[in-house]
Each structure stands twice: as C-alpha cells, then as structure tokens.
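1. I would like to see how this sequence folds:
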Amino acid sequence: MLTVGVASAKGLSVFSSTHWLGIPIALLGAVLLALGTICQSKGVESDGEQETSFRGLVRRPTWLVGTGLIGGAIVLQLTALRFSPLMVVQPIGAAALVVTAVANGVRSRRMPGKRESLSIILCIAGIGSYVAVAALSAEDIQVDQQHMLEVLLLMGCTILAASVVWVVTRHHPSAAAATVAAGVLYGFVATLAKAVIGRIVQGDLEWLVLAGLAGLGIALALGASLVQKAHAGGSNELVVAGLTVIDPLVAVTLAITVLGEAANAPSLAFIGFLGAGAAAVAGVWIMSVHEPETSKDLE
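-> Below you'll find the predicted structure:
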C-alpha cells in the first residue's frame with residue numbers, strides 16, 4: 001500500500017514515490033484518444049452521410065470502436081491521475097495531436113504541409129516543455145473538503161455554460177464553439193476527477209464525493225455530445241488540437257489556483273509555464289486558420 005509523504009509548509013505531498021509513473025500511462029492514453037477520435041470522426045461521416053444523433057451513431061461499428069478506444073483513454077488518464085499531479089498528467093494528452101496527424105497522413109497518402117507541421121511542432125514543444133517544468137516543480141496535495149466544494153461549484157457553472165453552447169450549436173453548427181466548450185468542460189472533468197480520486201484514496205468518502213461522481217457522469221456525457229458536433233463541422237486535427245490544448249490549459253489553471261499543486265514552485269517555473277502555454281496556443285491557432293495542405297502544395 002502506498003504511503004503518504006511528509007507534509008510541506010503549504011501542502012501535503014502525496015504518493016511522491018510514484019510521481020513519474022503517471023507519465024507513460026498518460027502517453028498510452030493519448031494514443032488511444034487519437035485513434036478513438038479518428039474512428040469516431042469516420043463514424044460520424046460514414047457512407048457519405050453525416051450523423052450526430054446517439055441513436056444513429058450506435059448503429060455504426062466504426063463509431064462504437066472509437067468510443068471504446070476513448071473509454072480506454074479515459075481509464076488510463078484516471079489511472080495516471082492516481083499516481084501523478086494533475087499539472088503533469090493532463091498536458092501529456094497533446095501527444096494525441098501527433099498521432100492524429102500521422103494517422104491521417106498515412107490514410108490520405110499525403111505529407112503534412114509546412115503550416116501543419118509548424119502547428120504540430122509548436123503544440124508538442126509547448127506542452128512537452130510544460131510537462132517537464134511541471135514534473136520538476138508540481139506536487140500532489142492532500143484534497144480537503146474546501147477543494148472539493150470549490151471544484152464542484154465551478155463545475156456546475158461550467159456545465160450550465162456548456163449546455164448553452166450545446167443548444168446554440170444545435171441550430172447554428174460551429175466546430176470551433178463545440179470544440180472550445182468540450183475542451184473547457186473536459187478540463188474541469190480532469191480536475192474534479194483528481195479531487196474525487198484524492199478523497200477516495202485518502203479514505204474520505206462523503207456526500208461531496210458522491211456529488212462529484214454524479215457531476216463527472218453529466219459532464220462526460222455533455223462533453224461527448226459536443227465532440228460529435230465538432231466532428232460534424234471540423235477536421236480531426238482541429239478537434240484533437242483544440243481538446244488537447246484547451247483541456248490541459250483549463251485543468252492546469254485549476255490545479256494551480258484551486259488545488260494548489262504549484263504552491264511551492266519557484267517563480268522561474270511560472271515563466272516557463274506561460275511561455276510553453278503560449279507556444280501551444282499558437283500551434284492550435286495556426287492549425288485552425290488554414291486548410292490542410294496536400295502533397296501537391298509541397299512540390
């Protein structure tokens with residue numbers, strides 16, 4: 001059984017002996033996320049007909065396979081959160097962007113264009129740098145009732161806002177709006193999941209934990225629906241890039257401001273966080289404002 005580490009001045013370091021174990025688990029989850037997203041996208045556009053309703057999608061095997069892969073990715077991510085700080089685990093999902101770009105390139109028999117390659121490099125360099133800094137400066141913390149209550153209240157507000165986006169995009173489809181809403185929602189999902197896992201591992205089972213589990217179920221269902229809407233109007237690369245950058249940016253912000261995982265990080269680390277985050281956002285922006293280039297464009 002894992003033991004709790006020694007308390008620091010501003011927080012309690014938990015499972016410090018397994019601090020690095022979550023990284024390879026999260027990487028494998030990112031691969032499954034990318035493959036699952038590709039399968040779901042193909043399922044939405046199967047046979048030249050676009051389908052976004054759940055009743056129609058469950059009849060498409062490709063979509064079901066994608067859903068299973070994404071389910072596996074979620075399990076791996078939760079497992080990674082069990083061992084490592086949220087600030088370390090969540091940004092690793094950006095690896096899904098590389099897998100998606102390579103898989104799509106193989107499928108369409110084209111090399112990534114210059115702008116597409118630049119956007120991927122910026123995203124991965126930014127997120128990779130962030131994870132490196134976070135792994136050296138972030139610490140797992142003792143999750144108390146105040147943490148749980150704050151995250152639950154913020155999650156409730158986020159679910160309401162995402163529901164509004166869901167209604168609006170139902171009548172006025174927008175891949176960008178759906179992707180952003182899903183990314184923000186998933187960022188809160190990761191934070192709430194980290195808090196719930198922390199309370200359970202600490203043996204602090206209470207009504208807040210049950211409320212957190214209910215909130216996770218609602219948020220995951222709403223987020224999945226928004227992702228399908230994003231697939232219906234956007235490319236695989238845009239959806240994956242948006243989710244794998246917006247999601248961790250939100251989660252990391254909450255990890256710093258609510259959970260206090262960076263309470264003991266040096267000032268220089270925050271400069272690194274800002275620079276790495278800016279590079280990742282720039283990569284997503286470049287990808288979102290241009291159409292994928294074909295191999296002819298490279299000649």
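
2. surely residue 165 meets residue 181?
-> Yes. With contact defined as CB atoms under 8 Å, residue 165 reaches residue 181; the gap is 4.0 Å. Where you see a C-beta, it was placed from the backbone N, CA and C, and this is true even at glycine.

3. quickly list what's touching both of these two.
-> Common contact partners of residue 165 and residue 181 (CB atoms under 8 Å, 6 or more residues apart in numbering): residue 226.

4. tell me which helix or strand residue 100 sits in.
-> Assigned by DSSP states H and E, residue 100 belongs to helix 95-108.

5. element containing the residue nearest the centre of the chain?
-> Note on the chain: the residue nearest the mean C-alpha position is residue 247, at 4.1 Å, using CA atoms, centre = their mean. Assigned by DSSP H and E, residue 247 falls within helix 236-254.

6. next SSE after that helix?
-> Proceeding N to C from helix 236-254, the next assigned helix or strand is helix 267-288, under DSSP H and E.

7. low-confidence ranges, the stretch 1-150 of the chain, go.
-> Applying pLDDT under 70 to the stretch 1-150 of the chain picks out residues 1-19, 46-54.

8. mind listing the helices for it?
-> Taking DSSP state H, counting those that start in this stretch as the criterion, the stretch 1-150 of the chain contains helices spanning 22-44, 54-57, 61-83, 86-89, 95-108, 114-137, 145-171.

9. go through the first one and flag the buried ones.
-> Of the residues in helix 22-44, those buried by neighbour count under the rule 16 or more other CB atoms under 10 Å are 22-23, 25-26, 28-44.

10. show the pLDDT at the nearest residue to residue 226 once chain neighbours are set aside.
-> Sequence neighbours aside, residue 182 is the residue nearest to residue 226 in space, at 4.0 Å (criterion: CB to CB, 6 or more residues apart in numbering). We note a pLDDT of 89 for residue 182 in this prediction.

11. count of neighbours near residue 182?
-> Per other CB atoms under 10 Å, the neighbour tally for residue 182 reads 29.

12. gap between it and residue 144?
-> To residue 144, residue 182 is 29 Å away according to CB to CB, to the nearest Å.

13. same question, residue 68
-> 36 Å.

14. for residue 103, same thing?
-> Distance from residue 103 to residue 144, counting by CB to CB: 42 Å.

15. again, but for residue 210
-> 17 Å.
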